[in-house]
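[1] Sequence first, predicted coordinates after that:
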Amino acid sequence: MRRKRCLEVFIAGILLGAVNLGAAAADDPQAACHVGTYHFASGPDLDVGNSGEGKLRWRRQDGTSGQLTRAGDGSWTSTLGWTGKPDGVRVIFPACGGDGISFDGMQGTRVAFDVTETKFSVEDARLAGRLVMPKGTGRVPVVVLVHGSENDSALDSYPLQRQFPSAGIGAFVYDKRGTGASTGQYTQDYLTLANDAIAAMREAKRLAGRRAGRVGYHGGSQGGWVAPLAARIEPVDFVVVAFGLAISPLQEDRSAIALDVTRHGYGADVMVKAMQIADAAAAILTSNFQDGYDQLDALRKRYGTEPWFHDIHGDVTWFLLEKSPEELRVAGPKLFAGVPLHYDPMPVLHNLTVPQLWILGEDDVDAPSAETARRLRVLNTAGHRISVAVFPRAAHGIYEYETAANGERLSTRQSDGYFNLMRDFILGRALEPHYGTATLTRVAAP
């Protein structure tokens, strides 16, 4: 199975009428009963989560992963990462209700957590959330998981809700408004989403009570715009941003187009032409998909037969190039419901005093990271409490990949060191000199 850009999956769902923003995806009960974190006498814990269509996904904290499919004899066979290639791993679960696992011949037991389900209100929405705490009575850090732009249920799909507690960290996960078990109107307005995150943080603190130690946010992808904004409005103890950006959404698409040009080996002449397409795409986006099509169509006619044209993808521009104006005028406003295209995150980051950890993929073509890394390092040099880790050969999601014969990237795993870096930062430990192969810019010692 290939990992697709989440925006592409969302767009496809809208065009096919398959996106149901108000209901959680139905799980196969026989698969869902095996979801959990498993501990082994030797070796790291193993998380097993939903993977859709009756399949499961295992993950280790070192980033290795595989998709599990039920075999005819009741066992489960694994494929490497998201490649669909068999990796030789065989998994056996007991009948539903049992807590054991046999993973590649190793025997393990499901880890018990303290789990509290909740509903909490914010403005015109009622959000469904879950607090997952390590067993015990001692104080532990609590991290609120702030979603990206996906429209699926975080309660159903986020493995960090179990991976963090298995490492001694409480996790609060919630379905964003208009998705899963949460009510309200789906939106990508960052201020609205930040206020939702603040409400989630307050609910996490309330439920954790005396056990709550340091409390902060983890924001992935779009959450990299939302979590710092929430922390600026109402301070927390820390913020983790994973594969997020310190540029605007419009700059994201422009940067992705520029990266398309350079990574395919084209020169400055093509860059000039590609930026014309970026400008035309921006005009359509800023009109809420209602105007600007004549300019893009003229560029398509002018450059459509040139060899570089079909290598231009961007983050959104490919969608504008592939669909008719009639389709875009209907689907576009749904896709970008409330997104602040010109949002500049830098004033927030300049004025945010809480410690931050930013984790980026050097090979991210969805959210190109070079300018974000540069900006963050400038802030670090200026004395802001921002640590920056850039993982080489890592794409969006900090996924490493192999390249298929057709040029498509197939994700194999997450980078080694990615989880441990987040764990140490959230626990308040001094960061190690190295986490896997990441280039790490740490906060200078006082």
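    Cool, got the structure. As the structure is a computational prediction, the values presented were derived from the model and not from experiment.
[2] distance between stretch 259-269 and the chain's centre?
    27 Å (Cα atoms, centre = their mean, to the nearest Å).
[3] Actually, stretch 419-436.
    19 Å.
[4] Go through that stretch and flag the buried ones.
    Neighbour counts using 16 or more other Cβ atoms under 10 Å place Phe419, Asn420, Leu421, Met422, Arg423, Asp424, Phe425, Ile426, Leu431, Tyr435, Gly436 of stretch 419-436 among the buried residues. (Glycine included, C-beta is placed from N, CA and C.)
[5] Most distant residue from the centre of this protein?
    Of all residues in the chain, Arg302 has its C-alpha farthest from the mean position, at 36.8 Å, by Cα atoms, centre = their mean.
[6] Against Ala256, how distant is that one?
    21 Å (Cβ to Cβ, to the nearest Å).
[7] Looking at the buried residues of stretch 419-436, spot the one nearest Trp308.
    Trp308 has its nearest neighbour among those in Gly436, at 34.5 Å by Cβ to Cβ.
[8] give me phi/psi at the closest residue to that closest one other than its chain neighbours?
    Once flanking residues are discounted, Gly436 sits nearest to Gly417: 2.8 Å by Cβ to Cβ, 6 or more residues apart in numbering. In terms of degrees, to the nearest 10, the main-chain angles of Gly417 are phi 100, psi -20.
[9] now swap in the one 10 residues further on and tell me
    In this entry, Leu427 is assigned phi and psi values of phi -70, psi -10 (degrees, to the nearest 10).
[10] and it, what is it in contact with?
    Contacts for Leu427 (Cβ atoms under 8 Å, 6 or more residues apart in numbering) come out as Pro141, Ala167, Gly168, Ile169.
[11] out of those, which one sits closest to Ser149?
    Closest to Ser149, out of all of the contacts of Leu427 and judged by Cβ to Cβ, is Ile169, at 24.7 Å.
[12] pLDDT score assigned to that closest one?
    The model reports Ile169 with a pLDDT of 98.
[13] Check the gap between it and Gly209 for me.
    Taking Cβ to Cβ, one finds Ile169 at 16 Å from Gly209.
[14] Which of these two has more residues huddled nearby?
    Ile169 (23 against 8; other Cβ atoms under 10 Å).
[15] Could you pull up the contacting residues of the more buried one?
    Pro134, Val140, Pro141, Val142, Val143, Arg423, Ile426, Leu427.
[16] Now the two most distant members of these.
    Most distant of these, by Cβ to Cβ, are Val142 and Arg423, 13.6 Å apart.
[17] what about the residue farthest from the centre of the chain, which SS state?
    Of the three states, Arg302 takes helix under DSSP: H, G, I helix; E, B strand; the rest coil.
[18] So for the helix or strand hosting Ala230, what gets flagged as buried?
    Per DSSP states H and E, Ala230 falls inside helix 223-233. Neighbour-count burial for helix 223-233, counted by 16+ other Cβ under 10 Å, picks out Gly223, Gly224, Trp225, Val226, Ala227, Pro228, Leu229, Ala230, Ala231, Arg232.
[19] what's near enough to touch the fifth one?
    I take that to be Ala227. So Ala227 contacts Val146, Ala194, Ala197, Tyr217, His218, Gly219, Val239, Val240, Val241, Gly244 (Cβ under 8 Å, 6+ apart).
[20] Quickly list what the fourth one is bridged to.
    Tyr217 forms beta bridges with Val144, Val239, as assigned by DSSP bridges.
[21] Measure how buried it is and give me the count.
    29.
[22] Quick check: the gap between the residue nearest the centre of the chain and Gly49.
    By Cα atoms, centre = their mean, the chain has its centre lying nearest to Gly220, at 4.0 Å. According to Cβ to Cβ, Gly220 stands 15 Å off from Gly49.
[23] Please name the nearest non-neighbouring residue to Thr118.
    Gly129 (4.9 Å).
[24] Using the three-state scheme, assign that neighbour.
    Looking at Gly129 with three-state DSSP, the answer is strand.
[25] residue contacts, it?
    Glu117, Thr118, Lys119, Phe120, Leu155, Phe172, Val173, Tyr174, Asp175, Ala200, Glu203, Ala204.
[26] pLDDT score for it?
    Value for Gly129, per-residue pLDDT: 98.
[27] How about Gln185?
    So, for Gln185, pLDDT stands at 92.
[28] In a strand, it, correct?
    No. Gln185 is assigned coil when assessed by three-state DSSP, not a strand.
[29] do you know how far it is from Lys176?
    11 Å.
[30] Just the buried residues of the contacts of Gly129.
    For the contacts of Gly129, buried by 16+ other Cβ under 10 Å: Thr118, Phe120, Leu155, Phe172, Val173, Tyr174, Asp175, Ala200, Glu203, Ala204.
[31] Wait, Gly244 touches Ser221, no?
    Yes. Using Cβ atoms under 8 Å, Gly244 is in contact with Ser221, at 6.1 Å.
[32] hmm, back to that, can I assume the residue nearest to the centre of the chain is in contact with Val226?
    No. With contact defined as Cβ under 8 Å, Gly220 and Val226 do not form a contacting pair (10.0 Å).
[33] Now the common contact residues for those two.
    Val146.
[34] Helices of this structure, start to end?
    Ranges of helices within the chain are 6-16, 29-32, 154-157, 160-166, 190-208, 223-233, 249-263, 268-286, 293-303, 317-322, 325-335, 346-350, 370-381, 418-426, based on DSSP state H.
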